[in-house]
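Student: Take a look and give me a structure for this.
(chains A and B)
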Protein chains: 2
Amino acid sequence: MPQGQPSVVPDDGLTTRQRRNRPLVFVHTGIGKGKSTAAFGLALRAWNQGWPIGVFQFVKSAKWKVGEENALKVLGASGEGGTVAWHKMGEGWSWIQRAPAEGEPTNEDKAREGWEQVKRDLAAETYKLYVLDEFAYPMHWGWIDVDEVVQVLRDRPGTQHVVITGRNAPRQLIDFADLVTDMSKVKHPMDAGQKGQRGIEW
Amino acid sequence: MPQGQPSVVPDDGLTTRQRRNRPLVFVHTGIGKGKSTAAFGLALRAWNQGWPIGVFQFVKSAKWKVGEENALKVLGASGEGGTVAWHKMGEGWSWIQRAPAEGEPTNEDKAREGWEQVKRDLAAETYKLYVLDEFAYPMHWGWIDVDEVVQVLRDRPGTQHVVITGRNAPRQLIDFADLVTDMSKVKHPMDAGQKGQRGIEW
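Tutor: Residues are numbered from 1 along each chain as shown, chains lettered A, B, ... in the order given. Below is the predicted model of the structure:
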């Protein structure tokens, strides 16, 4: 972890404190493990600071991330740190109370609806940390316009940090983000014929 | 995340279930962010499975990882998942009750003492997940013999998963590990003159 003095001091008119507390956009991309896991690890620090946390899971999964979800819900309900709101695309999003009257919404519709809610929450400054899990995919697939995402993030009010995970993060997002980590796979047990296991993969 | 069918089915005499539940050694290395953070995120899943977790922090830090530590301690004490034991090298290790009679132990001594405890715990099957945070450094610095580490890990009894983090993970360890992720830095805010901030870096 880099510590100590930054390598350059920018001529941006900000004090060190202002610059230090600037809200950040993180991107965790690449084909290796740890993109989402590191995002949820980051949420532990945010929780410890008492920050309200909003998690939005953008890709439906048979197993979701039950370990992280249960852990963060227990933490959020402990009364010792921040709060945690957990939203899943594949379960209709928690703020949608009923199914639409006609026609099942597609995954593309659901992803867009999730992004609309993120925009509403950013405008309202609902959370201080947003985990937009697997959000790189709907951008990569063209379901959500990356230029709009960048603009919304650039214009977001207050101090709201945003972590976006997923393979194939679009170039415009990487260019805009403050911190980008590429998780590269060096070795994975499935290459040696091992399937995922409880407690490790979910 | 890889799911579904593994690319090869090895001729190792194990059933799919045996192979699936084989204990794993993870290495998170590279110069990017997220090595430790992803390890603590993994601990959330282990906690959710009710596993006893042992964390050993091998490099003294002014800020440690207070967010992760507080969160995992609250989880461990919640009675809902697994237990969490958290050990820090720079605070004398929790199992050492008093300072030695003469002479201050060096960091090298302390790292070795930590490794000796890990060996005792592995032999006793104390935990089901070990987070050996920043443990790559004492190996890289030659304080702890990597060949011994690999041998101890290879011979460990039962089902004990081990995550080792840190830059410059030695080649022998990478060769031995089941899952290796290299976290590459694409972009970091300190490159743009921003210092670390509370809730984000610690």
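
Student: So in chain A, which helix runs the longest?
Tutor: helix A:107-124 (DSSP state H).

Student: could you say what helices and strands that one packs with?
Tutor: Contact partners of helix A:107-124 among helices and strands, from 3 or more CB pairs under 8 Å, 6 or more residues apart in numbering or on different chains; DSSP states H and E: strand A:53-57, strand A:129-133, helix A:136-140, helix A:146-155. For the C-beta atoms, the positions are set from N, CA and C on the backbone; glycine is no exception.

Student: and with 10 Å instead?
Tutor: Counting contacts by 3 or more CB pairs under 10 Å, 6 or more residues apart in numbering or on different chains; DSSP states H and E, the secondary-structure elements packed against helix A:107-124 are strand A:53-57, strand A:84-88, strand A:129-133, helix A:136-140, helix A:146-155.

Student: what are the ranges of the helices in chain A?
Tutor: A:16-20, A:35-48, A:66-76, A:107-124, A:136-140, A:146-155, A:171-176.

Student: Report pLDDT for the residue nearest to A:I96 when sequence neighbours are not counted.
Tutor: Distances taken as CB to CB, 6 or more residues apart in numbering or on different chains put A:E113 closest to A:I96, at 7.2 Å, once the chain neighbours are dropped. Confidence at A:E113, expressed as pLDDT, is 94.

Student: Flag the shaky bits of chain A, pLDDT-wise.
Tutor: Applying pLDDT under 70 to chain A flags the ranges A:1-10, A:14, A:17-20, A:62, A:97-102, A:189-195.

Student: near chain B, anything from stretch A:125-134?
Tutor: Yes - legend: contact between stretch A:125-134 and chain B by CB under 10 Å from any CB of the partner chain is shown at A:K128, A:L129, A:E134.

Student: right, and the last one touches A:V55 too?
Tutor: Yep, that's A:E134 we're talking about. No - taking contacts as CB atoms under 10 Å, A:E134 lies outside contact range of A:V55: 11.1 Å.

Student: Regarding chain A, what is its longest strand?
Tutor: Identified as the longest strand of chain A according to DSSP state E is strand A:179-187.

Student: Does anything pack onto that strand? Which helices or strands?
Tutor: Using 3+ CB pairs under 10 Å, 6+ apart, strand A:179-187 is in contact with strand A:25-29, helix A:35-48, strand A:161-165, helix A:171-176, strand B:25-29, helix B:35-48, helix B:171-176, strand B:179-187.
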